[in-house]
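S.K.: Okay, structure incoming, though there's no sequence with it:
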């Protein structure tokens with residue numbers, strides 16, 4: 001099963017005056033099409049997109065072109081992405097899951113490699129040791145222990161080993177635990193840290209210098225289309 005999380009408000013990009021950021025045009029395709037394609041190539045089936053009431057209308061507009069994914073409506077997007085995932089999984093099956101945020105653009109092979117890294121772990125995060133196109137000070141960081149297992153995830157860590165790329169794989173047992181988390185405000189980093197505290201073994205699928213970019217601000221969007229980050233887009237399009 002594949003899940004793309006697209007129920008946030010994207011308020012930092014509201015100044016562009018267009019659609020929600022997940023549907024901003026990136027080389028003739030909505031931004032959300034890139035992670036959806038990556039999960040599809042990785043073999044995630046069925047595929048779901050989690051939206052809020054506002055983004056839902058845009059999703060239906062692009063639904064055919066996006067391959068007609070399943071749709072889950074999040075009635076409380078203000079409770080953040082961790083809650084969004086808990087809520088979505090509570091409505092879906094007990095199988096393993098490949099999950100992506102919807103505002104990151106990356107080559108499709110990233111998601112496929114995350115799946116291949118699952119052996120021996122309860123969950124896996126895509127992590128970049130030396131990101132070339134991301135503001136590390138603003139990014140979500142991953143710290144691992146001496147065995148290379150995830151120790152903590154969050155922003156502003158005093159020590160870190162990777163930058164979180166926004167792609168995750170979860171085992172059946174992990175998902176069963178997640179589905180039992182009561183409704184609450186919960187970020188994805190908090191959710192991952194809860195799994196670690198519960199004794200689940202987390203791994204990092206390691207990348208180094210891969211062309212990927214988070215799209216959080218108008219500056220990110222404009223630079224991705226034609227500015228300093230356009231190399232990312234060229235590399236991703238070359239990937240297919």
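M.R.: Nice, I can see it. Not measured: the values here are computed from a predicted model.
S.K.: and residue 192, what is it in contact with?
M.R.: Listed by CB atoms under 8 Å, 6 or more residues apart in numbering, the contact partners of residue 192 are 123, 125, 150, 153, 168, 202. For glycine as for every other residue, the C-beta is placed from the backbone atoms N, C-alpha and C.
S.K.: what's the neighbour count on the nearest residue to residue 223 once chain neighbours are set aside?
M.R.: Nearest residue to residue 223, sequence neighbours excluded (CB to CB, 6 or more residues apart in numbering): residue 229, at 4.4 Å. Per other CB atoms under 10 Å, the neighbour tally for residue 229 reads 23.
S.K.: outside of stretch 77-93, which residues touch it?
M.R.: Here stretch 77-93 makes contact (CB under 8 Å, 6+ apart) with 1, 3, 5, 7-9, 48, 50, 52, 72, 74, 76, 97, 99, 101, 175, 178-179, 181, 183-191.
S.K.: Make a PyMOL selection of the buried ones in those.
M.R.: Buried subset of the contacts of stretch 77-93, written as a PyMOL selection, criterion 16 or more other CB atoms under 10 Å:
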select buried, resi 1+3+5+7+8+48+50+52+72+74+97+99+101+175+178+179+181+186+187+188+189+190+191
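S.K.: which residue lies farthest from the center of this protein?
M.R.: Residue farthest from the centre of the chain, counting by CA atoms, centre = their mean, is residue 146 at 25.9 Å.
S.K.: Confirm that that residue sits in a helix.
M.R.: No: if the criterion is DSSP: H, G, I helix; E, B strand; the rest coil, then residue 146 is coil and not within a helix.
S.K.: What separation do you get for it and residue 137?
M.R.: Distance, residue 146 to residue 137, using CB to CB, to the nearest Å: 26 Å.
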